[in-house]
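Q: Any chance you can model this:
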Amino acid sequence: MNEVKGERSEARPGGDFRQEIDRREIPPPPPSLTEAVSYGGRSPQVACREGEKTMYTVYILECADGKPYTGCTENLEERLERHDKGCVPATVNRRPIRLITHILFTDKYKAFEFERYLKSGSGRAFINKHLI
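A: Okay, the predicted model is just below:
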């Protein structure tokens, strides 16, 4: 076997994962809530009204100024309409907005905890590196 001293020809377990991340394809945007596959074509909110567990959504918007806005809600469709209509003071002067991604949680406290993390310094870095 041709090995240079100190180097291995095969990848180490737990090696540099950044190479994998940089080479992966960017996944397509999530389906609209009205076409949600995991809820049988129903939005999470409709599924909840039919007796299923309440879902909490942490979402990230891209605003007209190029900066992200992070929020948490039980009803994403309604919340996006409120953003579009200018009813949310934080985004009223930053319209139009575009949904970048959303993450669903069954635990309300985990959802709000994750939103708070995304608004922190390391959370903003996480958004810039992995989500947008």
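Q: any idea how far Phe114 is from Ile97?
A: As judged by Cβ to Cβ, to the nearest Å, Phe114 and Ile97 stand 20 Å apart. Just so you know, the C-beta spots here come from the backbone N, C-alpha and C atoms, and that holds for glycine as well.
Q: need the contact list for Trp119.
A: Check again: residue 119 is Lys, not Trp. Lys119 makes contacts with Thr70, as judged by Cβ atoms under 8 Å, 6 or more residues apart in numbering.
Q: Check the gap between it and Lys85 for me.
A: Counting by Cβ to Cβ, the gap from Lys119 to Lys85 is 23 Å.
Q: Please apply the same query to Gly123.
A: Distance, Gly123 to Lys85, using Cβ to Cβ: 27 Å.
Q: Those two: which is more packed in?
A: Gly123 (15 against 10; other Cβ atoms under 10 Å).
Q: Checking my notes, Thr101 in a strand, right?
A: Yes - with DSSP: H, G, I helix; E, B strand; the rest coil as the criterion, Thr101 is part of a strand.
Q: how many other residues sit next to it?
A: Thr101: 17 neighbours (other Cβ under 10 Å).
Q: Check Ile103 too.
A: For Ile103, using other Cβ under 10 Å, the count is 16.
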